[in-house]
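In: here is my input; please provide its structure:
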Amino acid sequence: MLPTVIYIKEGGMRKAKFLACGLWVLALVPGAWAQSKVDSQWKCESPSTTHSIEAGDQAGHAYVINEVKCTAVKGTIDGDAEKVGDSTEFHDVLPDKSEWQGMFVDTLASGDKLFIDFEGSGAMKDGSFASGTNSWTVVGGTGKFAGAGGKGKCTGKGNPDGTSLWDCTGTVEAAAPGKK
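Out: Below is the predicted model:
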């Protein structure tokens with residue numbers, strides 16, 4: 001569910017660094033089959049690990065894989081505060097736009113986790129992420145979130161310092177009894 005901040009360096013081989021976080025944060029269910037509304041916000045840092053390969057078909061076109069760390073600004077799921085998110089993502093980066101997909105692992109204060117698959121796209125300006133959107137789907141979790149499902153959307157904006165801020169909404173549903 002991540003979006004991004006991308007830097008494209010001039011000279012020699014062009015490299016793209018991407019920050020994405022698209023986010024995907026949730027508010028989960030208090031009981032079986034219960035559905036909770038999601039209203040979360042995440043601040044995502046620059047990628048901690050980035051691998052970039054030029055596509056070779058045009059200047060500034062690269063395929064990028066990165067790892068991004070995010071911190072929850074707000075958001076609770078079933079009374080459990082969201083704390084940190086770890087995103088592993090793949091980007092197809094062009095000078096004026098980017099498309100991405102990845103997996104976001106939302107770790108809550110209890111230690112339980114949600115696994116969130118996401119994909120999105122966004123605008124680039126001067127080699128950096130400007131804004132974007134993504135859609136996300138909960139594909140499981142651990143502890144009380146084992147077997148959870150859900151879906152939603154995030155909107156993000158890039159910041160001058162290379163971070164990004166993501167606002168995410170949607171719903172999350174706990175697994176039915178016996179489906180964990």
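In: what strand or helix carries Val172?
Out: Using DSSP states H and E, the element containing Val172 is strand 164-173.
In: give the other helices and strands that that strand contacts.
Out: Judged by 3 or more Cβ pairs under 8 Å, 6 or more residues apart in numbering; DSSP states H and E, the packing partners of strand 164-173 are strand 35-44, strand 128-141, strand 149-158. Every residue, glycine included, has its C-beta placed from N, CA and C.
In: please repeat the previous calculation with a cut-off of 6 Å.
Out: Applying 3 or more Cβ pairs under 6 Å, 6 or more residues apart in numbering; DSSP states H and E, one finds that strand 164-173 makes contact with strand 35-44, strand 149-158.
In: which of the ones you listed has the highest mean neighbour count?
Out: Greatest average neighbour count among those goes to strand 149-158 (a mean of 23), per mean count of other Cβ atoms under 10 Å.
In: what residues does it touch?
Out: For strand 149-158, the external contacting residues (Cβ atoms under 6 Å, 6 or more residues apart in numbering) are 1, 3, 5, 22-23, 38, 128-138, 164-173.
In: next one: stretch 94-112
Out: Counting contacts by Cβ under 6 Å, 6+ apart, the residues outside stretch 94-112 that touch it are 1-2, 4, 6, 20, 24-25, 60-61, 80-92, 113-114, 116-124, 142-145.
In: comparing the helices and strands packed on strand 164-173 by mean pLDDT, which bottoms out?
Out: In terms of average pLDDT, strand 35-44 trails the rest of those, at a mean of 90.
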